[in-house]
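Participant: Dropping the sequence and predicted coords here.
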Amino acid sequence: MKSKKGMFYEFALSIILLLVLTNNMYASWESRGVGGGGSFYSASISPYNSQVIYIASDMSGVYRTSNFGASWETIDFKQLGGGINTNVCFTSDQSILYALQVTKKDIRMPAKSIDGGKTWTNPMASVSQWDEGYISLRADPNSTGHLFITTYSELYFSNDGGTNFNLVYTSPNANGLFIAGVFWDGNNIFIGTLDGLLISSNGGTSFTLFPYNGIPPDENVVSFAGAKEGNVIRFFVVTNLLGWVGIETSDFLWGYKNVYRLDWGQGNWVKKINGILPDCDQPYLVSMSLNDVDVAYLAGGGINNCFGHNGPIVYKTTNGGNTWNRVFLTDNNQNIATGWQGSGGDKEWSYDEYVNSLAVCPNDPNLAVITGLGFVHVTDNGGDNWRQAYVYPAYENPAGAPTPKGKYYRGNGIEDTTSWWLHWFGRRTIVAGFSDISGIRGINSGKTWSTGFSLGLPYNTTYCITEHTKSGRLYAATSTEHDLYESSAYLIDYHIDNGSGSIVMSDDGGQTWQTIKEFGHPVVWLAIDINDEETVYASVVHSTLGGIYVTHNLSDGDSATWTKLGNPPRTEGHPYNIRVLKDGALVATYSGRIDAGSFTQSSGVFISTNGGMTWLDRSAPNMSRWTKDLIIDPNDTNQDTWYVAVFSHWGSPPNEVGGLYRTTNRGNTWQRISDSYRVESATIHPDRPNVLYFSTEMEGLWRTNNLNSNNPTFTQVVDYPFHHPIRIFFNPINHYHNEVWTTNFGGGLWVYR
């Protein structure tokens, strides 16, 4: 018979287990951060519920709001992957949507939803393809089956909801078939292109090209919009000096020419530029509701610092283009409720720089949205007033007043900036390394954050943060160059060698920072010697001067002496991780380098047992071109068990070498325990030795519960919505409750709790 004491303990344990299970029942992944910060594109507003907006990012995320930007959800990448041209298209049935998705290996293909955007599939049965997929997609708002897709020079049309496509037009233009816009009117379809106005009068079976009469041939039509009211069909176009398939919106700045209007049936396009300030503003986007011919919006970027700064610009006409008025008034945030960007704020309007996309509600000209290089703004009263749509409304700042510096904000779910690192300082403060916004500092256990611009972080990117145990001082690795070892551009000497970087220090938990060592080259990693905290190692990146540097007098601050260690064999200046083992050995990874379009065999895993004077190559053959993170198993007291993440590369075979590798003898032999195409990093659960998470470039987050078996079984974390997590962190204070955080390449921060 059990004692009363034993029965009590058993009862208590059952209650604890019940609480844990109950807590996990409601646990989910949440987006966290300061909001915005990266580039947004392809906005579209639903004609069925004007509170619904879709927006895409160049970092693959697609975002949806059902409350006009007060909060956002990230669409699961397994359903719809995004890109610059992922505009969600509405049809005559609110359940049927189309979009141009980006698939696993950066191929752009049509996607279709028949349940209002909950799930997406590829509808195509057969159509000729080009290697990188399709450039644009548009769907008829008055039908469920009419849509077209384009390649660089070809237009394919479908009358059956995307099952079959027919080639209906091939552009002879060397700059390709640039789609400036489309207007659908029953069997009449009007498509604005660089070649002219493509018109079909038979529902897309065939198209005829008509010139833009009245527009000089040296002006390129780069945006086209139309509306119909009664018997009047009215079009607007914006022209530019430049124009080609794949042009970035930034290229349109300084190239603005004119705005023209055409009422269908009239012969010539008529210039309509009254009120536009061409010496100050460069519009290149036009948008209209489909049912109002008098109201139209223009958007673009400011130049020449006319209003004390450059930034996004919006014009509006209410009389069919006879006069235009500026309605997005950034001077002192005149009619804009701001987040952390604004006149006087952590970043000025010049950070957003210009408008990437402009959308007006198809059936209400009072509702509009603009996106830029960092932020989203909306209006629901025709541009009289605007508000930010990237932090929760309770945190926004009033219009007509300077935006404060150093304020803490709560992001509302639309996060598309790259994050690299998390460090907990005490119980409730988190410091995070980011690209583009330098870094952020969170309080209240990461519910609210301030940006790196107010913290004094010096450069574009903060890659790594570590803490000196005795002093509590924080150190961080910073760089002018973002995306190191991620995109092909940042594997090439040209980009990296022109960058700079430094080590910075904070004595107040990351609230302020100061530079203690300027290397003049990107710094991507720091490691404090666990045996001697005066000794710190830094990964400095440069094709000839890069390598691992060390100081043995860290406490001297900016007077500390730094010395470059010996170069491991085969390496070419691209160091990445550094791990210091308890016995004093150093283990390092070097990452990829591209020269003349091909990967060099300069990557891998290396160990030194003499303080970095000499190194042994402990790489598996598959690690020679693009190695990522190295993880020392915390449950191996001898520190012989390591895990290494590897990316598959292109070029010289063997190519499909990515995955997660394990050694149990310090790299003398390796086992490939996962063959995922590209693995970024891995983390072992601090309390559960058999649980490991790893992150991938295009396949999201993965987990195993039997890590220590000979052949671990990995499964995808199905409710993780973003395709490219980078690193996985456990809250050191709350890891018993499985509070897992991830940093992401373009998805900000996510937490599971």
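Facilitator: Noted; the coordinates are in hand.
Participant: where along the protein do the helices fall?
Facilitator: For the chain, the helices defined by DSSP state H cover 4-25, 452-455, 493-497.
Participant: Out of those helices, which gets the lowest mean score?
Facilitator: In terms of average pLDDT, helix 4-25 trails the rest of these, at a mean of 37.
Participant: separation between the residue nearest to residue 691 when sequence neighbours are not counted and residue 448?
Facilitator: Once flanking residues are discounted, residue 691 sits nearest to residue 685: 3.8 Å by C-beta to C-beta, 6 or more residues apart in numbering. Using the backbone N, CA and C atoms, a C-beta is placed for each residue, glycine as well. According to C-beta to C-beta, to the nearest Å, residue 685 stands 28 Å off from residue 448.
Participant: for stretch 372-391, the distance to its chain's centre please.
Facilitator: Centroid separation for stretch 372-391 versus its chain: 20 Å, with C-alpha atoms, centre = their mean, to the nearest Å.
Participant: With just CA atoms, put that stretch into CSV.
Facilitator: Output in CSV follows, covering the C-alpha atoms of stretch 372-391 (Å, rounded to 0.1, in the frame of the first residue of the first chain):
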residue,chain,number,x,y,z
GLY,A,372,7.8,50.2,-49.4
LEU,A,373,11.3,49.1,-48.5
GLY,A,374,10.3,48.5,-44.9
PHE,A,375,6.7,49.3,-44.1
VAL,A,376,3.0,49.2,-44.9
HIS,A,377,0.6,52.2,-44.7
VAL,A,378,-3.2,52.3,-45.3
THR,A,379,-5.9,54.9,-45.7
ASP,A,380,-9.7,54.4,-45.3
ASN,A,381,-10.8,57.9,-46.1
GLY,A,382,-9.4,58.6,-49.5
GLY,A,383,-5.9,59.6,-48.4
ASP,A,384,-7.0,62.4,-46.0
ASN,A,385,-5.4,60.4,-43.2
TRP,A,386,-3.0,57.4,-43.3
ARG,A,387,-1.8,55.1,-40.6
GLN,A,388,1.0,52.6,-40.2
ALA,A,389,0.1,48.9,-40.5
TYR,A,390,3.2,47.2,-39.1
VAL,A,391,2.8,47.6,-35.3
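Participant: Buried residues of that stretch, list them for me.
Facilitator: 372-380, 382-383, 385-391 (16 or more other C-beta atoms under 10 Å).
Participant: And for stretch 199-211?
Facilitator: Buried residues in stretch 199-211, counted by 16+ other C-beta under 10 Å: 200, 203-204, 207.
Participant: For the residues you listed, work out which two are farthest apart.
Facilitator: Farthest pair in the buried residues of stretch 199-211 (C-beta to C-beta) is 203 and 207. Separation: 10.9 Å.
Participant: what number of residues lie near the residue lying closest to residue 155 once chain neighbours are set aside?
Facilitator: Excluding its sequence neighbours, the residue lying closest to residue 155 (C-beta to C-beta, 6+ apart) is residue 169, at 4.1 Å. Residues lying near residue 169 (other C-beta atoms under 10 Å) number 21.
Participant: what does residue 582 give?
Facilitator: 11.
Participant: my guess is it meets residue 632, correct?
Facilitator: No - shown here, residue 582 and residue 632 do not form a contact pair, counting by C-beta atoms under 8 Å, at 9.7 Å.
Participant: Next one, pLDDT for residue 104 please.
Facilitator: At residue 104, the model reports a pLDDT of 65.
Participant: Distance check, the residue nearest to residue 691 against residue 739.
Facilitator: 11 Å.
Participant: joint contacts of those two?
Facilitator: Listed as contacting both residue 685 and residue 739 by C-beta atoms under 8 Å, 6 or more residues apart in numbering are residue 730.
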